[in-house]
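> Structure of the sequence below:
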Amino acid sequence: MRLLKHQILVLLLCAFFVLMGSFYVVLGWQMKDHDVVAAQIKVQADLAICEEIIDTKYPGSWSVQDGELYKGPVKISFNNNIADHLSRLTGDTVTVFLGEMPVVTSELSSNGEPVLGGKASANVAQTVLQNGQMYLGREDNGDRWNQVGYFPLRAESDKIIGMFCVRISQSYDQSFFTRSLITMATLGLVLTVLIVFLTLRSLRKAIIYPLQNIMSGAQEVATEQLMQSINVSSAKEIKELKDVFNQMVDQIQVLTGEINQVTHSNLKNESLDNNEIHNVMELMRGNKTMTELTTDYTVATKPNPEFSMESPWYSGDEGLPKGLSKVTLEHIVQFLQATRRPLSAEEVAEGVKLTRVTVRHYLEFLEQRRVLKSELRYGTGGRPVKLFILL
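Predicted coordinates:
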């Protein structure tokens, strides 16, 4: 029984894991696009925050003095304090451009020096410096892609003199993606444990325990200890198996009763034979005539009418069909005689405490022997009911 339980559980778990794996693949594919959208939203928010902080902390307009970038009276070019402060607040890489060239950045090289080499890409320069628009997109930074955002720096005359940039590294996207997958995996694990627990409980209640009861009943039948039918509550197939088992128990009980009756009859006849031999010996000593002896012996050895197999529904020459019992047959006929009304097979089965399948075999046999007749009764809806009437 454990093998059946384990096989069912393994099949369910395999199906569940295949379903969850497919779900994670689809979810991961969809989350890539959501990660890009989330990174773009963060870039826009960080650009707005940095612009607000710079305008608040350094009032005045952007300007170029002696080839250096200023914000009001404060020099911005090579002022790493500004870039580092904004980088700590946002977690981004902050860079300020004068024209297309960076003049201050929070990005550091391996030796701790600011990385100021290289111009802005052509499409960024076109969008921000020439068109005066904000730029949001992905930027190739050599060995990785970064989500970037630019906005133009305008002088007091509204001339665009530079750009402000925030850059989100690819590790941010990966960490967001990883956290999302970990969250989903944790939730999936909890659901898996819950489903396994509920599945095991359902298997035990619906399949394992009923089958164990049937196996226990079969073992009791094998050891001649089962005295009544078993009762299980489960799925339709298990209930049908229970009905077949109980029918087998009914047949075994009937067969056992017949065997006991035959055994009792044989013992009784053997006792009568011994007593008769003793009486013959005594009568011979008393000079009783042979006619009287013969008469007494015939009366004494006359078969017991209780065990006669002759009846309106049974012929000793033909015998009962295989699987039918005379005791059960007489029990069903007595019930029909006592009821004296048209009955269905289900009603007879309930009255004699046998299964419907077993009772139907006996009713069909009695109908063939013209002890019963049957008729179909049609109701207001559904299938017609076959009723059996005792003649």
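> Next, please give the residue ranges for the strands of this structure.
62-65, 68-71, 74-75, 93-98, 101-105, 135-140, 145-154, 160-168, 343-344, 372-377, 385-390 (DSSP state E).
> Now those strands in a markdown table, please, with extra columns for distance to E52, mean neighbour count and mean pLDDT.
C-betas here are computed from N, CA, C, even on glycine. Below are the strands of the chain laid out as a markdown table (distance: least, CB to CB, whole Å; neighbours: other CB atoms under 10 Å; pLDDT from 0 to 100):
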| stretch | distance to E52 | mean neighbour count | mean pLDDT |
| --- | --- | --- | --- |
| strand 62-65 | 15 | 17 | 93 |
| strand 68-71 | 13 | 20 | 92 |
| strand 74-75 | 16 | 15 | 92 |
| strand 93-98 | 14 | 23 | 92 |
| strand 101-105 | 18 | 20 | 91 |
| strand 135-140 | 18 | 16 | 84 |
| strand 145-154 | 12 | 21 | 89 |
| strand 160-168 | 12 | 22 | 92 |
| strand 343-344 | 88 | 20 | 91 |
| strand 372-377 | 89 | 13 | 88 |
| strand 385-390 | 86 | 17 | 88 |
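> Tell me which of those strands sits nearest to S325.
Proximity to S325, assessed across the strands of the chain by CB to CB, is greatest for strand 372-377 (17.6 Å).
> List the contacts of that closest one.
By CB atoms under 8 Å, 6 or more residues apart in numbering, the residues outside strand 372-377 that reach it are 336, 342, 363, 366-367, 384-391.
> 7 Å instead, please
363, 366-367, 384-391 (CB atoms under 7 Å, 6 or more residues apart in numbering).
> related to what we said a few turns ago, which one of the strands of the chain lies closest to V18?
Comparing the strands of the chain by CB to CB, strand 145-154 comes nearest, at 32.9 Å.
> Give me the helices and strands touching the closest one, please.
Judged by 3 or more CB pairs under 7 Å, 6 or more residues apart in numbering; DSSP states H and E, the packing partners of strand 145-154 are helix 2-57, strand 135-140, strand 160-168.
> who touches the shortest one?
Spelled out, it's strand 135-140. 40, 43-44, 121, 124, 127-128, 145-150.
> Tell me the neighbouring strands of it, and mark each as parallel or antiparallel.
strand 145-154 (antiparallel) (DSSP bridges).
> quick one: the partner strand to strand 93-98, angle?
40 degrees (axes from the mean of the first three to the mean of the last three CA atoms, to 10 degrees).
> mind exporting strand 145-154 as PDB, just the C-alpha atoms?
In PDB, the C-alpha atoms belonging to strand 145-154 read as follows (Å, rounded to 0.1, in the frame of the first residue of the first chain):
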ATOM      1  CA  TRP A 145      24.700  47.600 -20.200                       C
ATOM      2  CA  ASN A 146      23.400  50.300 -17.900                       C
ATOM      3  CA  GLN A 147      20.100  52.100 -17.600                       C
ATOM      4  CA  VAL A 148      20.800  55.900 -18.000                       C
ATOM      5  CA  GLY A 149      18.900  59.100 -17.900                       C
ATOM      6  CA  TYR A 150      20.100  62.600 -19.100                       C
ATOM      7  CA  PHE A 151      18.600  66.100 -18.800                       C
ATOM      8  CA  PRO A 152      20.000  69.300 -20.400                       C
ATOM      9  CA  LEU A 153      21.700  72.000 -18.400                       C
ATOM     10  CA  ARG A 154      20.500  75.400 -19.600                       C
END
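> From L343, how far out is L194?
50 Å (CB to CB, to the nearest Å).
> Also Q368?
From Q368 to L343 the distance is 18 Å (CB to CB).
> Domains in the chain, by residue range?
Here the domain parsing of the chain from automatic domain parsing is 2-176, 227-306, 309-391.
> By mean pLDDT, show me the worst of those domains.
Mean pLDDT values for the domains of the chain show the minimum at domain 227-306, a mean of 56.
> quick check, nearest of the contacts of strand 135-140 to G351?
Of the contacts of strand 135-140, the one sitting nearest to G351 (CB to CB) turns out to be Q40, at 79.5 Å.
> Give me the neighbour count for that closest one.
Residues contacting Q40 under the criterion other CB atoms under 10 Å number 17.
> gap between the closest residue to it other than its chain neighbours and V96?
Excluding its sequence neighbours, the residue lying closest to Q40 (CB to CB, 6 or more residues apart in numbering) is L136, at 5.4 Å. Using CB to CB, L136 is found at 18 Å from V96.
> Please apply the same query to T339.
For T339 relative to V96 (CB to CB), the value is 104 Å.
> For the spatially closest residue to G99 that is not a sequence neighbour, name its beta-bridge partners.
With CB to CB, 6+ apart as the criterion, G99 has its nearest non-adjacent residue at 6.2 Å, and that residue is G162. When assigned by DSSP bridges, G162 has beta-bridge partners L98, L153.
> okay, now the closest residue to K119 other than its chain neighbours: neighbour count?
Spatial nearest neighbour of K119, excluding adjacent residues (CB to CB, 6+ apart): E100 at 4.4 Å. Neighbourhood size, E100 [other CB under 10 Å]: 16.
> what does the one 10 residues further on give?
By other CB under 10 Å, 6 other residues sit near S110.
> Next: G67.
Neighbourhood size, G67 [other CB under 10 Å]: 8.
> Quick check: the residue lying closest to E68 once chain neighbours are set aside vs L12, distance?
Excluding the flanking residues, the one nearest E68 by CB to CB, 6+ apart is S77, at 4.4 Å. Counting by CB to CB, the gap from S77 to L12 is 67 Å.
> same thing with T339?
Where L12 is concerned, T339 sits at a distance of 50 Å (CB to CB).
> okay, the helices and strands packed on strand 145-154, which one's buried deepest?
strand 160-168 (a mean of 22; mean count of other CB atoms under 10 Å).
> list the helices and strands it packs on?
helix 2-57, strand 62-65, strand 93-98, strand 145-154.
> Can you pick out the most distant pair from the contacts of strand 372-377?
Pairwise over those, using CB to CB, the maximum falls at P384 and L391, 21.2 Å.
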